[in-house]
Each structure stands twice: as C-alpha cells, then as structure tokens.
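Colleague: Provided below are the primary sequence and the corresponding predicted coordinates.
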Amino acid sequence: MFIVDFDDTLFDTQAFKQKRKQVLKDVGVTDIDYDTSYKKGYVSNDGVYKYSNKTHASALSDLGYNYDLVYNALKTTTTKKSLVSFLFDDTIFFINYLKSTNQKMILLSLGGASFQQLKSEGSGIIDFFDDVFFVNCKKHLIIKDILAKYKSNNAIWFINDKLQETKEIDDLYGDQLSTIIKSDTNNSTYKNIPVVNSLRKVVEFIRE
Ligand SMILES: [Mg+2]
C-alpha cells in the first residue's frame with residue numbers, strides 16, 4: 001500500500017503559489033496585500049482551513065480591490081490546463097508505477113478540503129487513488145485511521161516532502177510502515193529515512 005502526500009510531493013505547490021502571486025500582481029495587487037489577504041483567505045473564524053479562490057478574492061476586496069478582477073485572475077490558475085502544468089515532470093510516471101503494483105493507493109493532503117479537491121481533481125491525479133483524505137489535523141492522526149481501515153499484507157510506504165511531519169510518523173508508526181522523503185531542498189536525514197530529490201528516485205527505492 002502507498003500513502004502519498006499531494007502538495008510539493010506530486011504537485012509543485014511552490015510554483016503554483018508563485019503563479020497566483022504573479023497573476024494578482026499583474027492586476028495591481030502589492031506583495032504586502034497579497035500576503036495579508038492570503039493569510040486572511042486561509043483560515044476561517046473557527047480555525048478550520050477554508051481557503052479558495054473566493055475566500056482569497058474576498059479578503060482582497062476587503063482591502064479595496066475589485067472582487068471580480070482579482071477572482072478572475074486567481075481562477076486562471078485553477079483551470080485544468082493550468083493545474084496539470086504544476087504536476088512534477090515525473091508525477092505521472094510515478095503514479096503509473098504505483099498503479100502497476102496493484103496495491104492500494106491513498107492520497108493524503110493537509111489543508112482546506114475543497115481547494116485540495118480542486119487541485120487534485122483538476123490536475124487529473126485523483127482518479128488513480130483508491131481513497132483520499134483531505135485533513136485539517138496533523139497527518140499522523142490520520143495515518144492511524146488509514147492503518148486501521150486498510151490492512152495490508154504488502155509493505156506500506158508513506159511518501160511525503162516534509163521532514164518534521166515524516167519524522168513524527170516514522171516515530172509513531174515506523175514499525176508498520178516505511179517512509180521516504182521526496183525533497184530537493186532538504187538534504188538532512190533522520191534515522192534511516194531516505195531523502196531523495198525526485199519521484200523517479202522514489203520508484204527506484206521502492207523497487208529495490
Ligand atoms: Mg506536502
């Protein structure tokens with residue numbers, strides 16, 4: 001079984017965010033207003049993540065920007081064509097490989113559910129997965145649920161980009177699953193967790 005993170009693992013979220021910042025800049029949004037509105041658009045009063053094009057546009061409109069102008073600018077980044085372009089160049093190779101093993105594939109993503117849904121559906125990868133978890137809580141809490149829901153006779157792999165998050169999961173569930181960190185910025189290792197810089201290398205590792 002494979003449990004796979006979405007942002008920065010399958011999808012170049014950093015580049016996607018830069019693109020969104022740029023399209024807003026093109027219609028006159030300053031960097032400061034971008035940062036303020038991004039934060040405001042991200043967390044609702046009850047602390048649950050509810051980020052979307054609409055919440056971000058509303059936050060900008062509160063700062064005096066024309067709602068339709070900024071909303072339409074943001075929307076250009078979430079078309080299917082745009083979202084597909086932010087998959088890493090080995091993402092499809094990677095998920096096709098996972099599929100070819102005939103094992104369960106679980107997508108695990110932290111953040112506002114509807115926006116995560118939009119990104120993973122629009123980029124075309126969601127259909128490859130047997131189950132999808134979009135969560136607002138710490139990932140290790142969901143790992144517990146996934147392990148309880150899906151008993152696997154095969155090895156269980158968790159593939160993620162964040163070191164700290166992966167450490168936590170390795171500490172708690174290292175006896176039940178194997179973790180791999182896919183990151184091109186993080187070279188440090190923790191215990192025996194491999195850190196590789198591409199999904200192709202993740203495949204090489206799994207195949208060994
Ligand atoms: Mg991630």
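Modeller: It's in.
Colleague: what about the most far-flung residue of the chain relative to its centre, distance to residue 70?
Modeller: In the chain, the residue that sits farthest from the middle, by Cα atoms, centre = their mean, is residue 64; the gap is 30.7 Å. Remark: distance between residue 64 and residue 70 (Cβ to Cβ, to the nearest Å) = 11 Å. The C-beta positions use only the backbone N, C-alpha and C, and glycine is treated the same way.
Colleague: So which bits of the protein are right by the ion?
Modeller: Proximity of the chain to the ion, by Cβ under 5 Å from the ion, involves residues 5, 7, 8, 161.
Colleague: I figured residue 110 was touching residue 139, is that so?
Modeller: Yes - using Cβ atoms under 8 Å, residue 110 is in contact with residue 139, at 6.1 Å.
Colleague: tell me the average confidence for stretch 73-87?
Modeller: Across stretch 73-87, pLDDT averages out at 98.
Colleague: chain center to the helix or strand harbouring residue 142: distance?
Modeller: Secondary structure from DSSP states H and E places residue 142 in helix 139-149. Relative to the centre of its chain, helix 139-149 is centred 17 Å away, using Cα atoms, centre = their mean, to the nearest Å.
Colleague: immediately after it, which helix or strand?
Modeller: strand 157-160.
Colleague: Could you list the buried residues of that following strand?
Modeller: Using 16 or more other Cβ atoms under 10 Å as the test for burial, strand 157-160 gives 157, 158, 159, 160.
Colleague: Could you do stretch 103-117 as well?
Modeller: 103-113, 115-116.
Colleague: same deal with stretch 65-75?
Modeller: If you call a residue buried by 16+ other Cβ under 10 Å, then stretch 65-75 has these buried ones: 65, 69, 70, 71, 73, 74.
Colleague: Using CSV, write out the CA atom coordinates for it.
Modeller: Extracted C-alpha coordinates of stretch 65-75, given in CSV (Å, rounded to 0.1, in the frame of the first residue of the first chain):
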residue,chain,number,x,y,z
TYR,A,65,-9.5,45.6,-4.7
ASN,A,66,-12.2,44.9,-7.3
TYR,A,67,-13.6,41.4,-6.4
ASP,A,68,-14.3,40.3,-9.9
LEU,A,69,-10.9,41.4,-11.2
VAL,A,70,-8.9,39.5,-8.5
TYR,A,71,-11.3,36.5,-8.5
ASN,A,72,-11.0,36.1,-12.3
ALA,A,73,-7.2,36.4,-12.1
LEU,A,74,-7.0,33.7,-9.4
LYS,A,75,-9.3,31.5,-11.4
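Colleague: hmm, back to that, where neighbours are concerned, which of the residues of the chain next to the ion has the most?
Modeller: Neighbour counts for the residues of the chain next to the ion peak at residue 5, which has 22 neighbours (criterion: other Cβ atoms under 10 Å).
Colleague: Which residue is the nearest non-sequential neighbour of that residue?
Modeller: Spatially, and ignoring its direct neighbours in sequence, residue 5 is nearest to residue 160 (4.2 Å; Cβ to Cβ, 6 or more residues apart in numbering).
Colleague: so who does the one you found touch?
Modeller: Residues counted as contacts of residue 160 (Cβ atoms under 8 Å, 6 or more residues apart in numbering) are 4, 5, 9, 139, 166, 169, 179, 180, 181, 182.
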